[in-house]
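A.B. asks: here is the input, now give the coordinates:
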Amino acid sequence: MAAELRQLGLEVRLQPVAVTHWIRGAETATLVEYPGMVPGTTQKIVLTALGGSSSTPPDGLTADVVTVNTFDELTALGRDKVAGKIVLFNELFDKQKAAAGLAFAAYGETVRYRGAGAKAAADLGAVAALVRSVGSIDYRLPHTGFSFPAGIPAGAVTAEDADLIVHLASQGKVRMHLTLTPQKLPDETGYNVIADLKGVEHPEQIVLVSGHLDSWDLGTGAIDDGAGVVIAMETAEILQRLHLRPARTLRVIAWMDEETGGAGSKAYSTEYSADFAHHIAAIESDAGAAHPLGFDVKAAPAAIDALRPVQAVLQSIGATVFQPSTYPPGADIAAMSDAGVPAFGVMQDGRTYFNYHHSAADTLDKIVPSELRENAAAMAVLAYALTNMKDPLPR
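C.D. replies: Got it, this is the predicted structure:
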């Protein structure tokens with residue numbers, strides 16, 4: 001990444017970041033007792049460990065399974081019915097929302113069980129916690145992701161297997177043998193890649209464009225978030241190719257560790273927070289690579305009004321929506337947004353994003369080159385406008 005940006009003529013530095021080193025290990029599950037079971041048989045369950053999971057014993061553990069849909073249902077069961085059991089959270093991903101263009105809203109409703117389910121189960125004495133995979137399509141494909149460490153094994157089962165377990169549990173006792181053997185190793189050193197195309201009039205003022213370098217290990221991270229990194233890098237490349245010299249500095253950042261705690265953005269904030277007053281705007285692309293619709297914006301209403309000319313330029317590709325947001329439109333730029341820096345997230349057609357997100361299916365074949373180019377164009381138009389506006393956006 002650094003070499004590519006240097007080749008584009010940018011001033012590049014690597015900012016060291018301490019990164020969690022977690023490795024997956026073995027991951028298997030089998031139903032060894034359930035209603036209607038044919039003697040001498042078992043039922044394979046397809047699952048994957050969640051980041052932050054603890055390990056079972058090397059040979060696994062065997063325990064009864066209890067199923068719930070919500071945290072309230074878990075609390076209602078109480079310790080007596082949870083202690084010593086494997087808890088399965090079966091909260092469904094709302095596919096109708098996703099089909100209607102509200103996939104990220106559906107994700108927000110469901111992902112809390114992946115993030116906090118293990119801790120809630122552990123607090124009631126559970127020996128392990130499983131969640132229904134957070135995804136919008138059912139191909140017996142597990143989706144991983146971060147789970148707050150809770151001292152117990154934590155995994156995600158496929159939607160089909162979650163349905164099976166719930167169906168069987170409604171008829172009687174279900175018992176599972178579970179093996180998850182991830183390891184937490186000493187932290188390693190990773191890097192934010194920070195590259196500046198210096199402004200010719202106000203080099204001290206910064207417009208930031210970004211994506212994040214890290215991805216989950218099941219796939220290659222093409223849509224989450226290799227595409228975002230490329231879109232940010234291409235923004236600088238477009239300006240260079242068209243010989244457009246920004247008045248303010250365009251800063252390209254490839255963030256490290258967005259997925260497991262945000263160490264990269266925290267390191268940047270530690271070093272640069274005193275300079276946030278000179279950060280004119282921050283843009284992040286972390287929603288895939290599908291056709292761009294516009295931008296989610298966390299900024300003063302007057303800031304959106306000031307960008308009407310940008311909407312006119314983007315009319316040709318339909319990326320004209322500037323949607324006000326009450327929360328930062330990107331995890332890595334959240335600290336800047338909270339400090340008052342106008343923040344923008346590329347809004348993309350997300351209807352199929354969670355088909356592949358955090359799964360083995362997140363691979364390069366999911367990227368449509370023409371749509372990737374549209375995203376790069378949208379970010380480049382907005383970034384160039386922000387670098388060359390006469391007055392910075394109001395805060």
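A.B. asks: I'd like the average pLDDT over the helix or strand containing I165.
C.D. replies: Using DSSP states H and E, I165 sits within helix 159-169. Helix 159-169 carries an average pLDDT of 98.
A.B. asks: next secondary structure after that helix?
C.D. replies: Heading C-terminal from helix 159-169, the first helix or strand you meet, by DSSP H and E, is strand 175-180.
A.B. asks: just the helices in this structure please.
C.D. replies: Secondary structure of the chain by DSSP state H: the helices cover 2-7, 71-82, 95-99, 103-123, 159-169, 227-241, 263-272, 301-306, 308-313, 334-338, 353-356, 369-388.
A.B. asks: using a markdown table, lay out these together with mean neighbour count.
C.D. replies: The C-beta positions use only the backbone N, C-alpha and C, and glycine is treated the same way. As requested, the helices of the chain are exported to a markdown table (neighbours: other C-beta atoms under 10 Å):
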| stretch | mean neighbour count |
| --- | --- |
| helix 2-7 | 14 |
| helix 71-82 | 14 |
| helix 95-99 | 16 |
| helix 103-123 | 20 |
| helix 159-169 | 19 |
| helix 227-241 | 23 |
| helix 263-272 | 19 |
| helix 301-306 | 15 |
| helix 308-313 | 14 |
| helix 334-338 | 20 |
| helix 353-356 | 23 |
| helix 369-388 | 21 |
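A.B. asks: out of those, which gets nearest to S53?
C.D. replies: Closest approach to S53 among the helices of the chain is made by helix 103-123 (7.4 Å; C-beta to C-beta).
A.B. asks: chain center to the closest one, what's the gap?
C.D. replies: Taking C-alpha atoms, centre = their mean, to the nearest Å, one finds the center of helix 103-123 at 13 Å from the center of the full chain.
A.B. asks: next one: stretch 254-273
C.D. replies: Stretch 254-273 sits 14 Å away from the centroid of its parent chain (C-alpha atoms, centre = their mean).
A.B. asks: now the end-to-end length of it.
C.D. replies: 18 Å (C-alpha to C-alpha, to the nearest Å).
A.B. asks: hang on, the earlier thing: make CSV out of the helices of the chain and add distance to T56.
C.D. replies: Output for these, formatted as CSV (distance: least, C-beta to C-beta, whole Å):
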stretch, distance to T56
helix 2-7, 40
helix 71-82, 18
helix 95-99, 32
helix 103-123, 13
helix 159-169, 18
helix 227-241, 35
helix 263-272, 27
helix 301-306, 51
helix 308-313, 53
helix 334-338, 34
helix 353-356, 28
helix 369-388, 41
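A.B. asks: looking at those, which is closest to G135?
C.D. replies: The stretch from these with the least distance to G135 (C-beta to C-beta) is helix 353-356; that distance is 5.1 Å.
A.B. asks: give me the mean pLDDT for the closest one.
C.D. replies: Averaging pLDDT along helix 353-356 yields 97.
A.B. asks: then stretch 299-319?
C.D. replies: Stretch 299-319 carries an average pLDDT of 95.
A.B. asks: which residues are contacting it?
C.D. replies: Applying C-beta atoms under 8 Å, 6 or more residues apart in numbering, the contact partners of stretch 299-319 are 281, 291-295, 297, 320, 322, 324, 342-344, 347, 374, 377-378, 381-382, 385, 389, 393-395.
A.B. asks: out of those residues, which end up buried?
C.D. replies: Among the contacts of stretch 299-319, those buried by neighbour count (16 or more other C-beta atoms under 10 Å) are 281, 291-295, 297, 320, 322, 342-344, 347, 374, 377-378, 381-382, 385, 389, 393.
A.B. asks: report pLDDT for the nearest residue to L213 once chain neighbours are set aside.
C.D. replies: Nearest non-adjacent residue to L213, counting by C-beta to C-beta, 6 or more residues apart in numbering: A254, 4.7 Å away. The per-residue pLDDT reported for A254 equals 98.
A.B. asks: show me the beta-bridge partners of A254.
C.D. replies: Note on A254: beta-bridge partners by DSSP bridges are V193, G211.
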